[in-house]
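J.: Whatever this is, show me its structure:
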Amino acid sequence: MNALKAGANSLLVYVICVSQSLHEPMYVFICSLFLNELSGSSALFPMLLTQILSDDHQVAVPLCFLQNFFLFSYGGSELLILTVMSYDRYLAICCPLEYNTRMTPNRMVFLVALAWVCPWVLCVVMTSVSATLHLCNNVIHKVYCDNHSITKSACSDTSLINAWGLFISVVCIVLPLVVISYSYVCILRVCFSGSKQTRQKAVSTCSPHIASLLNFSFGGCFEILQSRFDMSSVPNVLRIFMSLYWLTCQPLFTPVVYGLNLSKVWLICKSLFLSNV
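T.: Next up, the predicted model:
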């Protein structure tokens, strides 16, 4: 399954990189999304498979913090990239005549860099503060290391890390959801007042983004339920599924959605790989 996800994401990244006609903001943002999902899968599966194959469920503390950093920077970047994509669709549908002047190459690069660098900086601070905690418990009831489990294992003051976690939630969850909601309110307003052709264009370009956003949001809700509430009454298999959904299903779901719904990508894939068949 991991090889399938990596292969699908890598294939679409390759197609977008080598096809000059796909070097547009929308496809650059999609490529960033695929690359981020590859990084998230890479942070989880090598360590998980090593533990399964060796039957060794121990992990060194530095590796635990490293995994925690990469997994949650993946989550933050994923939502910020989806936010940038919603802003791009807002400009394309609501301000089509101004799109090229407002979504310039420099702004495109800036938005991609912001979506990657901001979560990394926030997670560096979070991991650095977490590393100063004195841990009284060395058992994590998950198949990967996460900051909430590390904080629960601490017997020192956690007020600073809790405050920083709240700040990260606002920057990487609340603000992006506000921007996404505003973008789609404006898009819906244009669709309802526009022509049938405008509505069809909005549906064709926005449906993969909405599907990817909803799938990731469901995975995030599962992770919050798993981390914040007592799930002892839930079967262990279901708890594992809930904690892994946002890391496993999103990288598998996104390339399928974009590969099938964006006809331009699909046609280029066929021309690249099936022309000589």
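J.: Per-residue pLDDT of the nearest residue to Ile268 once chain neighbours are set aside, please?
T.: The shortest distance from Ile268 to any non-neighbouring residue, by C-beta to C-beta, 6 or more residues apart in numbering, is to Ser19 (5.0 Å). C-beta: built from backbone N, CA, C; applies to glycine. Reading off the confidence values, Ser19 has pLDDT 77.
J.: Equivalent analysis for the one 3 residues further on, please.
T.: Among the per-residue scores, Leu22 shows a pLDDT of 74.
J.: hang on, isn't the residue nearest to Ile268 packed against Leu267?
T.: No. Assessed by C-beta atoms under 8 Å, Ser19 is found out of contact with Leu267, at 10.0 Å.
J.: any idea which residue sits dead centre in this structure?
T.: Note on the chain: the residue nearest the mean C-alpha position is Glu78, at 2.4 Å, using C-alpha atoms, centre = their mean.
J.: and the gap between it and Ser32?
T.: Distance, Glu78 to Ser32, by C-beta to C-beta, to the nearest Å: 10 Å.
J.: list residues touching both of these two?
T.: Listed as contacting both Glu78 and Ser32 by C-beta atoms under 8 Å, 6 or more residues apart in numbering is no residue at all.
J.: follow-up on the earlier one: ramachandran coordinates for the residue nearest to Ile268?
T.: The phi/psi pair for Ser19 (degrees, to the nearest 10) reads phi -100, psi 110.
J.: same question, Ala154
T.: Listed backbone geometry of Ala154 is phi -90, psi 150, with angles given as degrees, to the nearest 10.
J.: how many neighbours does the residue nearest to it when sequence neighbours are not counted have?
T.: Among residues not flanking Ala154 along the chain, Leu133 sits closest, at 4.0 Å (C-beta to C-beta, 6+ apart). Counted with other C-beta atoms under 10 Å, residues neighbouring Leu133 total 17.
J.: any idea which element Leu133 lies in?
T.: Under DSSP states H and E, no helix or strand contains Leu133.
J.: Could you list which residues are in contact with it?
T.: By C-beta under 8 Å, 6+ apart, Leu133 lies in contact with 150-151, 154, 156, 158, 161.
J.: who are the neighbours of the helix or strand containing the residue nearest to the centre of the chain, in terms of helices and strands?
T.: Assigned by DSSP H and E, Glu78 belongs to helix 61-94. On a contact count with 3 or more C-beta pairs under 8 Å, 6 or more residues apart in numbering; DSSP states H and E, helix 61-94 meets helix 25-54, helix 99-102, helix 105-131, helix 147-152, helix 175-193, helix 196-228, helix 236-261.
J.: switch to 7 Å and redo it
T.: Secondary-structure packing of helix 61-94 (3 or more C-beta pairs under 7 Å, 6 or more residues apart in numbering; DSSP states H and E): helix 25-54, helix 99-102, helix 105-131, helix 147-152, helix 175-193, helix 196-228.
J.: So which of the ones you listed is nearest Pro251?
T.: Ranking those by proximity to Pro251 (C-beta to C-beta) places helix 25-54 first, at 3.8 Å.
J.: what angle sits between the closest one and helix 196-228?
T.: 30 degrees (axes from the mean of the first three to the mean of the last three C-alpha atoms, to 10 degrees).
J.: Tell me the buried residues in helix 25-54?
T.: Residues of helix 25-54 classed as buried by neighbour count (16 or more other C-beta atoms under 10 Å): 25-41, 43-45, 47-48.
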